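> Just the structure for this:
(4 chains, ligands or ions: 4)
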There are 2 protein chains.
Amino acid sequence: MGIVRKTKSVQTLLTIFENTEVALSSANLVKELAHSMNKTTVYRILDRLESQGLLHSFQGFDGVKWYAKCQGCSKEHHNDRHPHFQCRDCGKTECLSADFNIPELSNHKVEYAQLLLTGQCAACAQL
Amino acid sequence: MGIVRKTKSVQTLLTIFENTEVALSSANLVKELAHSMNKTTVYRILDRLESQGLLHSFQGFDGVKWYAKCQGCSKEHHNDRHPHFQCRDCGKTECLSADFNIPELSNHKVEYAQLLLTGQCAACAQL
DNA sequence: TTGCTAATGCAACTTAGTTGCATTAAATTT
DNA sequence: AAATTTAATGCAACTAAGTTGCATTAGCAA
Ligand SMILES: [Mn+2]
Ligand SMILES: [Mn+2]
Ligand SMILES: [Zn+2]
Ligand SMILES: [Zn+2]
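Ligands and ions are numbered 1, 2, ... in the order given. The predicted model follows:
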């Protein structure tokens, strides 16, 4: 099952994510879309798109939630096990295609892991 | 340089962290200490203890800031490069002694990494 | 014991996100 | 092309985490 109702607001958000390669924070989307839709709507659509396997989310260093498009995820299964990077200079936040391994823990049952990196992005590192 | 002024509030917080092996969220400390000190004071002391190398912090899945004591860090250098774990059942949040490696990124300059795990803690996994 | 100023308390504010409920508008049926 | 159904939205009010400015207090050293 995909999107239940393709409303104007849903389409707006889908288009935004289709046309970007970076991650976007919910807080910032709320600001940018304030003229066209209510903030509650933004939060609810992001929620919905995530549970439908079209977007995935992660917590940033700033304590706000970031979203990025999924590749090959579904309502049933998310497989976005990749690190995320936040540039300390320009704020650019991106999904990394790199892999990472979860340490072996004898006593814990690890179900989900999130690797968050910061430093300078490709562009800022060259300045 | 250690603590500048060992006030009653600072001592209270130091004692709390000395007597626990887990991480504590600032939000929760504010609640627990509401009777004895102002929330602003809690946030400011946590900040100060971190910059003095006595505590380190990380962002939880819940979007709140968590603190735990350091071992062998100083005002000049923090060396708490270890994963953190949050139990999805009991909420227990802990520092893991395990090591983890940061993926090689040709274009980015990684300065700091945070690995956050969730699942079931030792106690909850056995139930 | 005095004086300096780091640290605290308080009130007001900000920012991110949530909730309940009435209304609207996709999608489906007639 | 209406009428119907109900998912989705808007709005207002609220919560939770954290911050800021400023007056006051209390460590601590002289
Ligand atoms: Mn991603
Ligand atoms: Mn730790
Ligand atoms: Zn950058
Ligand atoms: Zn547990």
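
> Same question for the residue positioned nearest the centre of chain A, what's its three-state structure.
Chain A has residue A:67 as the residue nearest its centroid, 2.1 Å off, counting by C-alpha atoms, centre = their mean. Here residue A:67 is recorded as strand under DSSP: H, G, I helix; E, B strand; the rest coil.

> partners of it in the sheet?
For residue A:67, the beta-bridge partners are residue A:24, residue A:57 (DSSP bridges).

> by contact count, what packs against the strand with the most length in chain A?
In terms of residue count, the longest strand belonging to chain A (DSSP state E) is strand A:109-120. Applying 3 or more C-beta pairs under 8 Å, 6 or more residues apart in numbering or on different chains; DSSP states H and E, one finds that strand A:109-120 makes contact with strand A:55-59, strand A:84-87, strand B:109-120. No exception for glycine: its C-beta is placed from N, CA and C like everyone else's.

> how far off strand B:109-120 does it point, in degrees?
Inter-element angle recorded for strand A:109-120 and strand B:109-120: 160 degrees (by axes from the mean of the first three to the mean of the last three C-alpha atoms, to 10 degrees).

> Tell me which of the helices and strands packed on strand A:109-120 sits nearest to DNA strand D.
For DNA strand D, the closest of the helices and strands packed on strand A:109-120 is strand A:55-59, at 11.3 Å, according to C-beta to the nearest atom of the strand.

> contacts for the closest one?
Around strand A:55-59, the neighbours that count as contacts under C-beta atoms under 8 Å, 6 or more residues apart in numbering or on different chains are A:17, A:23, A:46, A:49-50, A:65-70, A:73, A:78, A:80, A:84, A:114, A:116, B:59-61, B:63, B:116.

> related to what we said a few turns ago, please name the residues that touch the residue nearest to the centre of chain A.
A:17, A:23, A:24, A:25, A:26, A:29, A:46, A:49, A:50, A:55, A:56, A:57.

> show me what contacts the third one?
Which is residue A:24. A:16, A:17, A:66, A:67, A:68, A:93.

> Check which helices and strands the longest helix along chain A sits against.
For chain A, the helix with the greatest residue count under DSSP state H is helix A:39-51. Packing contacts for helix A:39-51, counted by 3+ C-beta pairs under 8 Å, 6+ apart, involve helix A:8-18, helix A:26-32, strand A:55-59, strand A:65-69.

> In JSON lines, list those along with distance to ligand 2.
Formatted as JSON lines, the helices and strands packed on helix A:39-51 follow (distance: least, C-beta to the ion, whole Å):
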{"stretch": "helix A:8-18", "distance to ligand 2": "34"}
{"stretch": "helix A:26-32", "distance to ligand 2": "27"}
{"stretch": "strand A:55-59", "distance to ligand 2": "16"}
{"stretch": "strand A:65-69", "distance to ligand 2": "22"}
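
> closest one to residue B:37 among those?
Among those, the nearest to residue B:37 by C-beta to C-beta is strand A:55-59 (27.9 Å).

> what's the angle from that closest one to strand B:109-120?
100 degrees.
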